[in-house]
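In: sequence plus the predicted model coming up.
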Amino acid sequence: MPSNNPIEDRRAEAQCLMTTGMLFGTFDGHGGAACAEVVSRRLFTYIAASLLPLEMLRDLEQELNKGEDVKLLQWFNLSDNEEDSLSPELRKLYRQSFTKFVLQLIHRRSTKAEFQMRDNLAEVFEYLDRDLWAEVEQAEAVSKMGTPDLLHQTLAVAMSGAVACVAHIDDVHLHLALTGDCSAVIGMKSESNAWVAKELLKVHSYDNEDEVARVVREHPKNESETVLQQERLLGQLAPLRAFGDFRYKWPLSMQKRLLLPLFGHQVLPPNYYTPPYLTARPEVIHHRLLPRDKFLVIASDGLWEQLPPSRVVQLVGEYMHGRQTLEPFRVPATGRHQRSFTLGDISKILARRKEGIHHKPIDSNAATHLLRSTLGGTEYGIDHAVLSQMLSVPEDVVRLVRDDITITIVFFDTNYLRHCPV
Ligand code: MG
């Protein structure tokens, strides 16, 4: 659901073709969609390659060197044509980076025996981010020979940023990798049969104390007052981890050489002394799926700022059962100058709730149902007047009411999980 025009959120879903897992991701761009677009198209390919055994990596490298296309993923959200929509020179640059990455994997795999999925995912995120950086420098070199287009394209990626939440699910093993303030939650049935939101990761924003402490710790004491201001990194950036955003990562010399001539002095963040201030390194967790785990919701902050995780899980849970129940009734708060609620008012609300409870979800898609409830949910179920009002907020003010919203819901097969040996 867009709010920005054009939307800055991206999503991706794919099946790994050479290994058994599936990948799901939400990417939330800022300062434009360029970085989110590129990361959402490239990150899964990097991850899929990183999971290959050494022999297959060697084959992959050979085929890449022969100029052949190697299909590591079956995308669910892209057609093959869409994958090819990049400009030829950019595609060539990305291919060179990817080939180097595969070589690096071969080197690693042959020198380091132990494979740890958590470390691996973290390293892949960082590696792709470093490639985005290196590609600007490569494009810079080419631009001196008279092709400035490539530099502009790589800079558009480097000057914007993207946060990402990615799930890799292979049999009963769920890995979640998070950089920034997208988030994911598992919908779980408790022993008393109530819906419970299992939050596995904390977002990287000012609300996360550990994250604030990390950022302060990574810079000298005399910067502790300036590194975070107004709840933002250097007073500017809300997420405390992200892909791209190299004006918070590059050394001063690179900023001066590349960015100042193009964008002027305002491009440099204030109090920029000891970069990097920002990292793409994700936090990664492993969770073994249990029969009580029913679904996973991955979404951009646009959803989470409208609804708490507990409500999200309840709504999807109810959707699963094809019915709608309501939150416990509370008398709505009244302002100082409004009259208080009478028993008659309450009786009317309860009557509407009773009526609403018989309305089954009308959406065939769970994410659509969640979105409809997010935008049009009221005390007595979904109110279509509220919903249509939310959907018709004028373009110039819509960003004040809501952010881009991206929701992916993955349902787990309880029967399968029940029969899996622990
Ligand atoms: Mg957002």
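Out: Structure's in. What do you need? Numbers count the residues shown, from 1 in each chain.
In: return the residues of the stretch 151-300 of the chain in contact with the ion.
Out: Listed as neighbours of the ion in the stretch 151-300 of the chain under the rule C-beta under 5 Å from the ion: Ser300. Heads up, the C-betas are built off the backbone N, CA and C, glycines and all.
In: which stretches in the stretch 151-300 of the chain count as strands?
Out: 161-170, 173-179, 183-189, 195-199, 228-229, 232-233, 243-244, 283-288, 293-299 (DSSP state E, counting those that start in this stretch).
In: okay, those in TSV with distance to Asp59, mean pLDDT and mean neighbour count next?
Out: Formatted as TSV, these follow (distance: least, C-beta to C-beta, whole Å; pLDDT from 0 to 100; neighbours: other C-beta atoms under 10 Å):
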stretch	distance to Asp59	mean pLDDT	mean neighbour count
strand 161-170	21	98	26
strand 173-179	25	98	23
strand 183-189	33	97	23
strand 195-199	39	96	17
strand 228-229	47	96	17
strand 232-233	42	98	18
strand 243-244	29	98	30
strand 283-288	27	97	17
strand 293-299	32	97	23
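In: nearest to Gln255, out of those?
Out: Closest of the strands of the stretch 151-300 of the chain to Gln255 is strand 243-244, at 14.5 Å (criterion: C-beta to C-beta).
In: adjacent strands (with direction) for that closest one?
Out: strand 161-170 (antiparallel) (DSSP bridges).
In: what's the distance between the partner strand and the middle of its chain?
Out: Taking C-alpha atoms, centre = their mean, to the nearest Å, one finds strand 161-170 lying 6 Å from the centre of the chain it belongs to.
In: equivalent analysis for stretch 231-242, please.
Out: Once both centres are worked out by C-alpha atoms, centre = their mean, stretch 231-242 turns out to sit 16 Å from its chain's centre.
In: stretch 291-311 too?
Out: On C-alpha atoms, centre = their mean, the centre of stretch 291-311 falls 13 Å from the chain's centre.
In: could I get the strands of the stretch 151-300 of the chain as TSV with distance to His321?
Out: Listed next are the strands of the stretch 151-300 of the chain as TSV, based on distance: least, C-beta to C-beta, whole Å:
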stretch	distance to His321
strand 161-170	23
strand 173-179	23
strand 183-189	11
strand 195-199	10
strand 228-229	44
strand 232-233	41
strand 243-244	38
strand 283-288	24
strand 293-299	10
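In: quick one: closest of those strands to Thr274.
Out: Closest to Thr274 of the strands of the stretch 151-300 of the chain, according to C-beta to C-beta: strand 232-233, at 12.9 Å.
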